[in-house]
Structures are given as structure tokens and as C-alpha cells.
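[1] Fold the following and give me the result.
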Amino acid sequence: MVGISILGGWLENCLDKLQYFITIVVSIFFSWLYYILRVPIKPAVGASGLVFGFLGVFIGLQNRTIRRITLILAIALIIITLPNLPPDATDIHLAGFLIGVLLSIIFSYANEQPNPALS
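    Numbering: from 1, shown residues only. Reported below is the predicted structural model:
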């Protein structure tokens, strides 16, 4: 929940309301869909798909220099945390992250004008 409040607050200021809403809905939907489609279904609790979706959008919206630094830190964080998680949780985290990066690419093409909040 801390990740949602930190990254979500920043993204809420950087994205317009529709893009922010799309980020939340798509991240939750694809995390849920992946959870439902995988076999065997095991119980899970949390909003980690949304947190990693926010992280993917956050990285994708940075300028090139900050994006490289943030991407390296995110990869390091994922590498550090993944061995400590159960094997079933890592795939949902990576799915949320990849959905977030994909959304940031879509949003960057949708917004041709630079956003001053991102500078």
C-alpha cells in the first residue's frame, strides 16, 4: 500500500485523469486475468500487480537519463526481492511491470506535447 500511495500520487500528478484511471484498471485487470488463467490456482492476497504496473509507468515516463538510472534500480530491486518471494508471486509482479511499461509507451505516443510535470 505504501508503493501505491507513493507512486500513485506521483502518477496522478503526471497523467491526466483518464490515463491514470486506465493505468489502475488495466494493471488490476491483467494481474487478475493472469491469476485466473494460470494453473493451478492458488490463493493470493495483495495489490502487487498494481504496484508494479505503477512502477512500469513511472519508469517509462522519465526522460532518458533518469529512465536508465531508474530502470537499473528497478531491475536491481526486482532481482533482490524475487528470490525472497514464493515462485507463484514473481510472475504476477513481472506481468504488472510489463503492463505498466507497455502503458507508458502508449501514453507517450498519445501525448505528443511534452509534459512539464515530468521535467
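[2] so where is this structure shaky, pLDDT-wise?
    The chain contains residues with pLDDT under 70 at 1, 39-46, 63-69, 76, 79-90, 111-119.
[3] just checking, what's the longest helix in it?
    helix 87-110 (DSSP state H).
[4] Report the contact partners of G8.
    For G8, the contacting residues are F54, by C-beta atoms under 8 Å, 6 or more residues apart in numbering. To be clear about C-beta, it is placed using only N, CA and C from the backbone, and glycine gets the same treatment.
[5] which secondary structure element contains it?
    helix 2-14 (DSSP states H and E).
[6] what does V26 give?
    helix 17-37.
[7] Could you pull out the buried residues of that helix?
    19-20, 22-24, 26-28, 30-31, 34-35 (16 or more other C-beta atoms under 10 Å).
[8] contacts for that helix?
    11-12, 15, 41, 44, 47-50, 52-54, 57, 91-92, 95-96, 99-100, 103, 107, 110.
[9] hmm, which of those residues are the buried ones?
    Using 16+ other C-beta under 10 Å, the buried ones in those are 11, 15, 47-50, 52-54, 57, 92, 95-96, 99-100, 103, 107.
[10] Name the residues that touch the next helix or strand after the helix holding V26?
    Note on helix 17-37: by DSSP H and E, the next helix or strand toward the C-terminus is helix 48-61. For helix 48-61, contacts defined as C-beta under 8 Å, 6+ apart pick out 3-4, 7-8, 10-11, 14-15, 23-24, 26-28, 30-32, 34, 67, 70-71, 74, 89, 92-105, 107-108, 115, 118.
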